[in-house]
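**Student:** Kindly return the folded structure for what I paste below:
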Amino acid sequence: MRKKSKGLKRLSIILALAMTASLFAGCSSGTSSTGSASAGSTTASGSPQKVTLQLKWLPQSQFMGYYIAEEKGYYKDEGIDINILPGGSDIIPEQQVSNGVADIGVTWTSSLMKYQEKGWDLKEVAQVFQKSAMLLVSKKSSNINSVADFKGKNIGSWFGGNEYELYALLGKYNLNKDKDIKLVQQDFTMNQLESGKVDVAQAMTYNEYGLLLEAGYTDATLNKIDVNDEGVAMLEDCLFSNSDWLSKNPDLMAKFLKASIKGWQDACADPEAAGKIVYEKNKSVSLAHQTYMAKEVAKLVVPSGFDKTQIGYMDPAAIKQTADLGLKYGLLTKAADTANTIDDSYWKKAVGK
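**Tutor:** Residues are numbered from 1 along each chain as shown. You can find the predicted model right below:
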């Protein structure tokens, strides 16, 4: 019995020392005057700060950087307890962030400008996709080799904000969308193009174009027009937040971006591995499609010649082009104040500028 009580005493001492060490560790982290974390993005008690990220769509490799950062503990390293919310057809990221359901959102830059015009106090903090993923695709057998060949044809569009690059493309070649072509509501498969109900369909490089390849088409049997090559690209996936939340959490925002950028760097360096991780999150599509998507998304985040340390860079010229095309083709009703569209201070801190 005597030996047992000594063992209990030793255990009590060890536990007491552990609790003391934990207490001092918690006290050392501290918080900033705005309530956001300063060292390690932890609260006064030393626990991680919760951050909720709202995606634009369902879990897929379009968002692989965030899932990789979560999987590899990059958010945890920054003192962040991340909660990634899936999107969907009935979820508007701008609304989710504006009403406080999420702290940070992923949306298209063109869409964000629309809500900013409405008076919503939202700011872009990082531009993840440096290029547009939008293609206009037709079967080679249709002999639609240029935009001029669209005249008199059935052209598919998803609408819902996806149509403005198409409108800009038509406008560049002086085609009237109401008279020179027939616009057709396109679904989210490529069945209408395959069946001939539309002659030209919208397709994202990382998704619908891949569906065609999986269906047996090849680059040799398809014609595609890239809006980037035509000079009518509008920016897509960006990160944004509410101005009030940003003002209260500047360090936390920078740490979130730092972790996210690391996740994107890893994902773009090994998209096949990233696709597998995302696939395990949501098996709604095949592993092959998720890995295909990951490889294509990597080309948008880190295009040829782009410095991977600059992931999230907001190019003023590209932002202005998005705003100008949005105004010219009906997304916006007045010229956007692009200087107030973004706030790059958090991104600069994240990348050490």
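**Student:** I'd like to know which helix or strand in the chain has the lowest mean pLDDT.
**Tutor:** Within the chain, no helix or strand scores below helix 2-27, which has a mean of 34 by mean pLDDT, DSSP states H and E.
**Student:** hmm, who's touching the helix or strand following that helix?
**Tutor:** Downstream of helix 2-27, the next assigned helix or strand under DSSP states H and E is strand 49-54. With contact meaning Cβ atoms under 8 Å, 6 or more residues apart in numbering, strand 49-54 is reached by 36-37, 41-43, 66, 75, 79-85, 87, 91, 93, 96-97, 101-106, 252, 256. C-beta coordinates here come from the backbone N, C-alpha and C atoms, glycine included.
**Student:** For strand 49-54, list every residue counted as buried.
**Tutor:** Applying a neighbour-count criterion of 16 or more other Cβ atoms under 10 Å, one finds 49, 51-54 buried in strand 49-54.
**Student:** Check stretch 92-100 too.
**Tutor:** For stretch 92-100, the neighbour count (16+ other Cβ under 10 Å) marks 92-94, 96-98 as buried.
**Student:** low-scoring stretches of this structure, by residue?
**Tutor:** Across the chain, the ranges flagged by pLDDT under 70 are 1-45.
**Student:** One more pass at 50, please.
**Tutor:** 1-40 (pLDDT under 50).
**Student:** taking the buried residues of stretch 92-100 one by one, which sit in strands?
**Tutor:** Per DSSP state E, strands hold no members of the buried residues of stretch 92-100.
**Student:** and which of those residues is nearest Ala317?
**Tutor:** Within those, the smallest distance to Ala317 is 24.0 Å, found for Glu94 (Cβ to Cβ).
**Student:** so who does that closest one touch?
**Tutor:** So Glu94 contacts 105, 107, 111-112, 115, 120, 122, 240 (Cβ under 8 Å, 6+ apart).
**Student:** Save the residues you listed as CSV, and put in secondary structure and distance to Ala298 too.
**Tutor:** Shown next, in CSV, are the contacts of Glu94 (DSSP: H, G, I helix; E, B strand; the rest coil; distance: Cβ to Cβ, whole Å):
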residue, secondary structure, distance to Ala298
Gly105, strand, 22
Thr107, strand, 20
Ser111, helix, 23
Leu112, helix, 23
Tyr115, helix, 28
Trp120, coil, 31
Leu122, strand, 27
Phe240, strand, 22
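**Student:** out of those, who's nearest Lys224?
**Tutor:** Lys224 lies nearest to Ser111 out of these, by Cβ to Cβ, at 23.8 Å.
**Student:** Tell me who's in contact with the closest residue to the closest one other than its chain neighbours.
**Tutor:** Computed as Cβ to Cβ, 6 or more residues apart in numbering, the closest residue to Ser111 that is not its neighbour in sequence is Gly161, at 5.4 Å. Residues near Gly161 by Cβ under 8 Å, 6+ apart: 108, 110-111, 114, 331.
**Student:** quick one: secondary structure of Gly161?
**Tutor:** Following DSSP: H, G, I helix; E, B strand; the rest coil, the label given to Gly161 is coil.
**Student:** and it, how far is that from Thr109?
**Tutor:** Separation of Gly161 from Thr109 (Cβ to Cβ, to the nearest Å): 11 Å.
**Student:** How about Lys118?
**Tutor:** 15 Å.
**Student:** Looking at the contacts of Gly161, point me to the pair that's furthest apart.
**Tutor:** So, these by Cβ to Cβ: farthest apart are Trp108 and Leu331, at 10.3 Å.
**Student:** Quick one: end-to-end length of stretch 306-321, please.
**Tutor:** 19 Å (Cα to Cα, to the nearest Å).
**Student:** hang on, Trp267 packs against Met64?
**Tutor:** For residue 267 the amino acid is Ala, not Trp. Yes: with contact defined as Cβ atoms under 8 Å, Ala267 reaches Met64; the gap is 4.3 Å.
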